[in-house]
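>>> Predicted model and sequence follow; I will ask about them next.
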Amino acid sequence: MKDSILPRKFYDRPALSVARDLLGARLIRIEDGQRVGGIIIETEAYGGEQDLGCHCRSGRTERTQAMYGPPGHAYIYFTYGMHWMLNFVVEADGNPAAILIRAIHPTEGLNLIAERRAKQPPKRWTDGPGKICQALNIDKGLYGVDLCIPDNNLFVEKGSRIPDSNVTIGPRVGLNTVPEPWKSKPWRFLASMEDTIEDTTTANA
DNA sequence: AGCACGATTAACT
DNA sequence: GTTAATCGTGCTC
């Protein structure tokens, strides 16, 4: 449904609020007219040049320019020589901040996802940021894409809100050489309880 | 121009 | 728990 696409004002808020509220929403990629995606179940917030865990700690560069732009766009980057990472730009234009999408619960386009994640069991299809981009065929080609335009092939739809009792908050993952206090900031949000996920899937079907 | 390393993953001991 | 894979980016010389 086009009218269920999250509007720009959803992204135009503090990073922590957006990261938390993205849990339960549906990440959708359109490929040749086919929907591929699922429910967002894990996110992390990055933002501000003071955040030494954020790429924008180096200021505005060619790679990070999207983060400095208006909210509601995709910030995508390549790392470890082989993995793409999907982020959503948040907060006001000129204010660098983004949300890393770390895990989703696949619900649509399962045939394509299974194909691309062939050697892994369904549980491991999209339980990591690099895996999501592999499963949904996301790479540099989608850098800077506007997530608020229905005609574009990447956007997020409103889903069922995950109650606080099912949300786990903790430190961000993989910031091994980042100094404190940034390394331990509790800016990771994880939706727990399979029951909730399954209910949400059914409710949205 | 060269270099160290990363918001990771999968395979292995 | 440990480690190889693999290359764009940002920093130093």
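Sure thing, it's come through.

>>> Please list the residues of chain A that sit near DNA strand B.
By the rule CB under 7 Å from any atom of the strand, the part of chain A lying against DNA strand B is A:44, A:46, A:53-56, A:67, A:75, A:78-83, A:85, A:87, A:98, A:100, A:117, A:119-120, A:124, A:128-132, A:134, A:172-178. Glycine gets a C-beta too; all of them are placed from N, C-alpha and C.

>>> how about 6 Å then?
Residues of chain A lying close to DNA strand B by CB under 6 Å from any atom of the strand are A:46, A:54-55, A:79-81, A:83, A:85, A:87, A:98, A:100, A:119-120, A:124, A:128-131, A:173-175, A:177.

>>> Now intersect these with the strands, please.
Among the residues of chain A next to DNA strand B, the residues falling in strands (DSSP state E) are A:46, A:79, A:83, A:85, A:87, A:98, A:100.

>>> residue ranges with poor pLDDT in chain A?
A:1-3, A:193-205 (pLDDT under 70).

>>> now the helices for it?
Taking DSSP state H as the criterion, chain A contains helices spanning A:8-11, A:15-21, A:65-68, A:110-116, A:129-135, A:194-204.

>>> List every C-alpha atom in the third one, with coordinates, as PDB.
Extracted in PDB, the C-alpha atoms of helix A:65-68 (Å, rounded to 0.1, in the frame of the first residue of the first chain):
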ATOM      1  CA  GLN A  65      27.700  13.000   2.000                       C
ATOM      2  CA  ALA A  66      24.300  11.300   2.000                       C
ATOM      3  CA  MET A  67      24.300  11.400   5.800                       C
ATOM      4  CA  TYR A  68      24.500  15.100   5.700                       C
END
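
>>> Determine the set of other helices and strands touching it.
Using 3 or more CB pairs under 8 Å, 6 or more residues apart in numbering; DSSP states H and E as the contact test, the elements touching helix A:65-68 are strand A:74-79, strand A:83-89.

>>> just to revisit the earlier point, report the entries of the residues of chain A next to DNA strand B that also contact DNA strand C.
Near DNA strand C, judged by CB under 6 Å from any atom of the strand, the entries from these are A:80-81.

>>> Let's see the PyMOL selection covering just the buried ones among the residues of chain A next to DNA strand B.
Burial among the residues of chain A next to DNA strand B is assessed by 16 or more other CB atoms under 10 Å; the matching PyMOL selection reads:
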select buried, chain A and resi 46+54+55+85+87+98+100+128+129+130+131+175
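
>>> what about the helices and strands packed on helix A:65-68, which gets the closest to A:Leu190?
When the helices and strands packed on helix A:65-68 are compared by CB to CB, strand A:83-89 sits nearest A:Leu190, at 16.7 Å.

>>> how big is the angle separating that closest one from strand A:74-79?
Between strand A:83-89 and strand A:74-79, the angle comes out at 150 degrees (axes from the mean of the first three to the mean of the last three CA atoms, to 10 degrees).

>>> quick one: strands adjacent to strand A:83-89?
Sheet pairing for strand A:83-89, assigned by DSSP bridges, gives strand A:74-79 (antiparallel), strand A:97-108 (antiparallel).

>>> quick check, distance from the shortest one to the centre of its chain.
Just to be clear, that refers to strand A:74-79. Relative to the chain's own centre, strand A:74-79 is displaced by 11 Å; criterion: CA atoms, centre = their mean, to the nearest Å.
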